[in-house]
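K.L.:
From the sequence below, what's the structure:
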Amino acid sequence: MRKIWHGWEIDWAYEGIVDVAAYVGYPKERVLKSREDDVNDTSLTPPEERDWVDTVASVAYSQDEILIFPLCGGVEAFLSDGPGMINKINKSYGYKNLSLGEWSYSFPVGGFHLDLKMRRLEFWHAYDLPNISEQLSEKWSDWEVFDHYSHYEIQCKQTDGRLQFQSVYQHQLLAKLRGILLKESSNPLDALAFLVKKEADAGRTVEINPNALRYDRFELPRIVKEELLDYALNQLSHPGQPS
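P.N.:
Next up, the predicted model:
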């Protein structure tokens, strides 16, 4: 992105809309909604199918006893209950060593490490989780809480190599990135029209705010997007080399 937006400051919004609101000086309370905590299974039971694994937990009971749990659901699903979840953990589901590549082809979207002796919670997440740090700091008020954002390597370090993530090769990542960035966007008005028709067919009266019918997105021609992407990838592989 920095190669394409030369001269601009580029930052990653790890907390999504909360970071955007903070940047423009808008109160984050206005973009967050309160919700009742779901009742979650915090026994750290693995999912029914191995390829459902998208989260990994590690628990240090002592310096010599670390157990690793393959999970599904994202870090917030397990940590929102606070320290009370620790007594519900079923240690029989834990592994002394775990290679995630034996469970799922897909890289996990998050993970967390609990050090029971130090009362320390560390977690990472690939997706934006608005206000997650503040929420978990309140839930785990007597603990040290660290949000490492996307830095999954921290969990490898804390497990002393007992946890191994999937091997991901650059050509695989670039192919996936190309597919995402060159994907043709859909028109949201099509979904709105479908919803209106469905409600009308059911005999309901539907009123639409005129602003909802605006779709002013500027779409670059595909060939231009391909040229920009090729330039950025070339600069990534060969910094400073003319395109």
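K.L.:
what about residue 231, distance to residue 180?
P.N.:
17 Å (Cβ to Cβ, to the nearest Å). Backbone N, C-alpha and C define where each C-beta goes, glycine included.
K.L.:
With residue 141 instead?
P.N.:
The spacing between residue 141 and residue 180, counted by Cβ to Cβ, is 39 Å.
K.L.:
before we move on, what about residue 69?
P.N.:
30 Å.
K.L.:
These two: which has the busier surroundings?
P.N.:
Each of residue 69 and residue 180 has its neighbours counted (other Cβ atoms under 10 Å); residue 69 has more, 24 against 8.
K.L.:
Name the helix or strand for the more buried one, please.
P.N.:
strand 66-71 (DSSP states H and E).
K.L.:
Can I get that strand as PDB, trimmed to CA atoms?
P.N.:
Only the C-alpha atoms of strand 66-71 are listed here, as PDB (Å, rounded to 0.1, in the frame of the first residue of the first chain):
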ATOM      1  CA  ILE A  66       2.000 -25.900  29.000                       C
ATOM      2  CA  LEU A  67      -1.100 -27.300  27.200                       C
ATOM      3  CA  ILE A  68      -2.200 -26.200  23.800                       C
ATOM      4  CA  PHE A  69      -5.800 -26.300  22.600                       C
ATOM      5  CA  PRO A  70      -7.100 -26.200  19.000                       C
ATOM      6  CA  LEU A  71     -10.300 -24.200  18.900                       C
END
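K.L.:
Show me where this structure has its helices.
P.N.:
Counting by DSSP state H, one finds helices in the chain at the ranges 17-23, 75-79, 132-139, 153-158, 170-181, 188-201, 222-237.
K.L.:
how about these, which one is nearest residue 51?
P.N.:
helix 170-181 (16.8 Å; Cβ to Cβ).
K.L.:
quick one: that closest one to helix 222-237, angle?
P.N.:
150 degrees (axes from the mean of the first three to the mean of the last three Cα atoms, to 10 degrees).
K.L.:
all numbers from here: first residue = 839
P.N.:
With 839 as the first residue, the last one maps to helix 1008-1019.
K.L.:
Can I get helix 1008-1019 as PDB, trimmed to CA atoms?
P.N.:
Extracted in PDB, the C-alpha atoms of helix 1008-1019 (Å, rounded to 0.1, in the frame of the first residue of the first chain):
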ATOM      1  CA  GLN A1008       4.900 -16.200  -0.300                       C
ATOM      2  CA  HIS A1009       3.500 -17.300  -3.600                       C
ATOM      3  CA  GLN A1010       0.400 -18.600  -1.900                       C
ATOM      4  CA  LEU A1011      -0.100 -15.300  -0.100                       C
ATOM      5  CA  LEU A1012       0.400 -13.300  -3.200                       C
ATOM      6  CA  ALA A1013      -2.000 -15.500  -5.200                       C
ATOM      7  CA  LYS A1014      -4.700 -15.000  -2.500                       C
ATOM      8  CA  LEU A1015      -4.000 -11.300  -2.300                       C
ATOM      9  CA  ARG A1016      -4.300 -10.900  -6.100                       C
ATOM     10  CA  GLY A1017      -7.700 -12.700  -6.000                       C
ATOM     11  CA  ILE A1018      -9.000 -10.400  -3.200                       C
ATOM     12  CA  LEU A1019      -7.800  -7.100  -4.800                       C
END
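K.L.:
Right, I'll call it a day here.
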